[in-house]
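Asks: need the 3D shape of this:
(2 chains)
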Number of protein chains: 2
Amino acid sequence: MQYLMTTQSDFSAIFNRLLTERAMDTSAVKHPVTEILENVKTNGDTALCEYTERFDRLPITTSELRITDKEIKDAYNEISPELLEALDVAAYRIRSFHEKQLPPNLHYEDDSGFELGYRWRPMDSAGLYVPGGTAAYPSSVLMNAIPATVAGVKRLAMCVPTPDGQLNPLVLAAAHKAGVTEIYRVGGAQAVAALAYGTETISAVDYIVGPGNAYVAEAKRQVYGLVGIDSVAGPSEVVVVADKDNNPTHIALDLLAQSEHDKMAQSIFITNDKEFADQVVNAVNEQLEILARKDIAKVSWENHGAVIVVQSWNEAAILINKIAPEHLELMVEESNNLFEDVRHAGAIFIGKWCPEAIGDYVGGPNHVLPTSGAARFSSGLSIFDFMKRTTFLKSNEQGIENVGPAAVAIANTEGLTAHALSISQRLKSLEK
Amino acid sequence: MQYLMTTQSDFSAIFNRLLTERAMDTSAVKHPVTEILENVKTNGDTALCEYTERFDRLPITTSELRITDKEIKDAYNEISPELLEALDVAAYRIRSFHEKQLPPNLHYEDDSGFELGYRWRPMDSAGLYVPGGTAAYPSSVLMNAIPATVAGVKRLAMCVPTPDGQLNPLVLAAAHKAGVTEIYRVGGAQAVAALAYGTETISAVDYIVGPGNAYVAEAKRQVYGLVGIDSVAGPSEVVVVADKDNNPTHIALDLLAQSEHDKMAQSIFITNDKEFADQVVNAVNEQLEILARKDIAKVSWENHGAVIVVQSWNEAAILINKIAPEHLELMVEESNNLFEDVRHAGAIFIGKWCPEAIGDYVGGPNHVLPTSGAARFSSGLSIFDFMKRTTFLKSNEQGIENVGPAAVAIANTEGLTAHALSISQRLKSLEK
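Replies: The predicted model follows:
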């Protein structure tokens, strides 16, 4: 962990290193991924079954690729009513928030003779990748699937590996609650290939979302263009800004909630009070000991964690905008000012009673967010990911007469004769 | 050119080949591009000057990388007032349309104790690539730059190669009119590298837009993630749908306006009348002869052009949705019905007096559009490309009391102790 004062002479150098040290490099898996993609493209289901046997130790036939309705129903019966209700709370709040995003169409007439605008439409289909094993989070299924169904996507196919044949009941239940229309027991780059190219059993989709390991990330990168993808997620991070009027243990737990995700995760604490910073550091060390994922959290905190003592909240805002954090917690008295000064962040959590973990599950806004500074230029997952705009333009005779000559002039200087003639010939036919 | 009736037995096979035959493959330039990117990343301006001398035959020093205000002013003086006015008409209409896109923020309180929503903010900076030589279109500068300035992007850096030192006055004037803040005489993958990594003279940007050759496309693909990019554009296409109440020469010119762009461009004509189809084919062959870019248009039309005679407009809608064309012209009596049935298209042009070339220059909607079927999952360039959303969530004591327990339940089943504790410890402190 780096303990920094902004006043120290080497602050900028160390701070900049913090921002770049975690770059994800998937180049090592580039070739194996290309091979898997090609194999699935050529051999379809047969390749899927081979990989599933090899990587998940699960020999299956084509007809078993799809998880049956009975298996999904059985999953429900394994889950406690309390937990099913918790998923309902989460699903309800996520759906409510995303329903408010439905964007308005645009349609107007101008005074030059044109009717123009655009309309939003959902994609026809989307694919959702869900990792297996310990990274299989039901909350992530809800967060990825609900925006698609709210957008109006009709077909939503999910792929999830089932190592040794183990199904994850919560993941299946979450998928069902979120409106997933079909689920396949396929993982890794081969699942991305199936969703992008289609196989005999799995029809191709238009867009692929969901987190995954380096193979999945690289596969998404390689099929991008043929299908759309959400961003390729890097390791996660949080910036927690708090003054001394906070409980150091709460702050410590917020930092550790990020660290426990992943050894590459990054938790940065910013405060204006050195004494409070020390209390938080002590609390982190204390709380670390009781975590189930202590080993992961410890590596993350030691290698990538940071505590920064600033001279002012203005200075904090400057640092935050440089980090462009995925998650930002603001627990300071003047949090409204600071909130206004932040230009780049995936999601902001405001006040003492709003730890980021609330947003991970039941806040409503999406928890799929731009990582590693991508908040400078991108947004969290939303229904916009599953919709696209078609613009339209309709002209009457006056329209082309009014602006056609300008278009002809530009087309001619660009050397595009047919462009110019397609307009000038119509103008000529109007003269008659 | 393929002349097809939907009733012929091999229609589907040939139609499907039309959709896939033009896939752009940049893999041949992957390695040289990686090398250029690395060199610019390491050596900055020095590398830029070397490449500019090598590829553009222009020996320059670092201080000459930036195009001066005087050079831009001189460019204006070379352009006829008529043409400057045409650019103004285009810029005005593009700006008006894009201003209507400014998306509303979201901010509401719910009855569970939360205040939540999102706000849109522009990116800090964007980079605009403009190709050199014959592909340097002033209209393209307007279409790429205006959405950025309307979105509120403060810094907009443009790179354009100047082969043998030749500046393109129209491109410079368009850039100035559109609000570009700085222009550099650098092209190719090295320009993309400079915009992504930054050099001594060119500061890094957050987002890169603009068309280019295979090197530029591959470079954008490789820097994606570090910065945002617009889509990697493939070859362009148009689908023209018209009944026999149209002038065959006008239809032919609309088809050729696409073909003259690029040998890989695709023009598809759909009609319900075989006799009219024949008239259009004859008109294409006639008009081809008078085009300045006849050689290009001819290759495009012969290799990728198609005429399809359908049985009904319903059938046309099905074909259009499979093509998901970049540009679609509807010139049929029932165009409103057809318009409603089209789910996937970049931009639609309606009626006899609205050739696509109007939209290329002065319509208002953007002419940077998803190609090669990408309209299934993506949209044309807009101010959304230059803005991003930050979600926010604020909870009071009631908020965490109401939904905190559900979050704790899910966090615990996901094995994320610190997530659960960050909420349950706060709940406990509220009990006191």
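Asks: use CA for all of it now, contacts and neighbours both
Replies: OK.
Asks: which residues of chain A score low on pLDDT?
Replies: Scanning chain A with the threshold set as pLDDT under 70 gives A:24, A:134-135.
Asks: make it 90
Replies: Applying pLDDT under 90 to chain A flags the ranges A:19-28, A:30, A:76, A:132-136, A:211-214, A:221-222, A:224-226, A:230-236, A:333-336, A:431-432.
Asks: pop the domain breakdown of it in here.
Replies: Annotated domains of chain A cover A:2-23+A:237-360, A:27-75+A:120-229, A:396-431 [automatic domain parsing].
Asks: among the ones you listed, which is nearest residue A:97?
Replies: Among these, the nearest to residue A:97 by C-alpha to C-alpha is domain A:27-75+A:120-229 (9.4 Å).
Asks: and chain B, is that closest one touching that?
Replies: Yes. On the criterion C-alpha under 8 Å from any C-alpha of the partner chain, domain A:27-75+A:120-229 is in touch with chain B at A:121, A:123-124, A:134, A:136-139, A:206-207, A:225-228.
Asks: which residues sit against the longest helix anywhere in chain A?
Replies: Secondary structure of chain A per DSSP state H: the longest helix is helix A:81-99. Here helix A:81-99 makes contact (C-alpha atoms under 8 Å, 6 or more residues apart in numbering or on different chains) with A:139, A:142-143, A:146-147, A:150, A:174, A:177-178, A:361-366, A:382-383, B:117, B:403, B:405-407, B:409-410.
Asks: residue A:144: how many residues sit nearby?
Replies: Residue A:144 is flanked by 26 other residues according to other C-alpha atoms under 10 Å in any protein chain shown.
Asks: kindly report the same for residue A:31.
Replies: 11.
Asks: now residue A:69
Replies: 12.
Asks: go on, residue A:232?
Replies: 21.
Asks: picking up where we left off before, show me the two of the residues of domain A:27-75+A:120-229 next to chain B that sit farthest apart.
Replies: A:121 and A:134 (35.7 Å).
Asks: state the number of residues packed around residue A:174.
Replies: Applying other C-alpha under 10 Å, we find 25 residues neighbouring residue A:174.
Asks: pretty sure residue A:266 is touching residue A:299, no?
Replies: No. Using C-alpha atoms under 8 Å, residue A:266 makes no contact with residue A:299, being 10.1 Å away.
Asks: look at the two and report which has more neighbours.
Replies: Set residue A:266 next to residue A:299 and count neighbours by other C-alpha under 10 Å: residue A:266 wins out with 31 against 18.
Asks: need phi/psi at residue A:113.
Replies: The phi/psi pair for residue A:113 (degrees, to the nearest 10) reads phi 110, psi 20.
Asks: same thing with residue A:420?
Replies: phi -60, psi -50.
Asks: how close does it get to residue B:291?
Replies: For residue A:420, the distance to residue B:291 (C-alpha to C-alpha, to the nearest Å) stands at 10 Å.
Asks: so what's residue A:415 up against?
Replies: Under the criterion of C-alpha under 8 Å, 6+ apart, the neighbours of residue A:415 are B:292, B:293.
Asks: doesn't it belong to a strand?
Replies: No. According to DSSP: H, G, I helix; E, B strand; the rest coil, residue A:415 belongs to no strand; its state is coil.
Asks: for it, what are phi and psi?
Replies: According to degrees, to the nearest 10, residue A:415 has phi 80, psi 20.
Asks: residue A:235 belongs to a strand, doesn't it?
Replies: No. When classified by three-state DSSP, residue A:235 is found to be coil rather than part of a strand.
Asks: now residue A:212: how far from residue B:80?
Replies: 56 Å.
Asks: quick one, which of these two is more surrounded?
Replies: The neighbour comparison of residue A:212 against residue B:80 (other C-alpha under 10 Å) goes to residue A:212, with 23 against 10.
Asks: isn't the more buried one up against residue A:130?
Replies: Yes. Counting by C-alpha under 8 Å, residue A:212 touches residue A:130, with 7.0 Å between them.
Asks: so if I had to pick from residue A:420 and residue B:291, which one is more boxed in?
Replies: For residue A:420 versus residue B:291, neighbours defined as other C-alpha under 10 Å are more numerous around residue A:420 (26 against 22).
Asks: run a quick neighbour tally on the residue nearest to that one when sequence neighbours are not counted.
Replies: Closest residue in space to residue A:420, ignoring its immediate chain neighbours: residue A:408 at 4.6 Å, by C-alpha to C-alpha, 6 or more residues apart in numbering or on different chains. Residue crowding around residue A:408 was assessed by other C-alpha under 10 Å; the count is 26.
Asks: now do the contacts for residue A:408.
Replies: A:419, A:420, A:421, A:423, A:424.
Asks: give me that answer again for 7 Å
Replies: Residues in contact with residue A:408, defined by C-alpha atoms under 7 Å, 6 or more residues apart in numbering or on different chains, are A:420, A:423, A:424.
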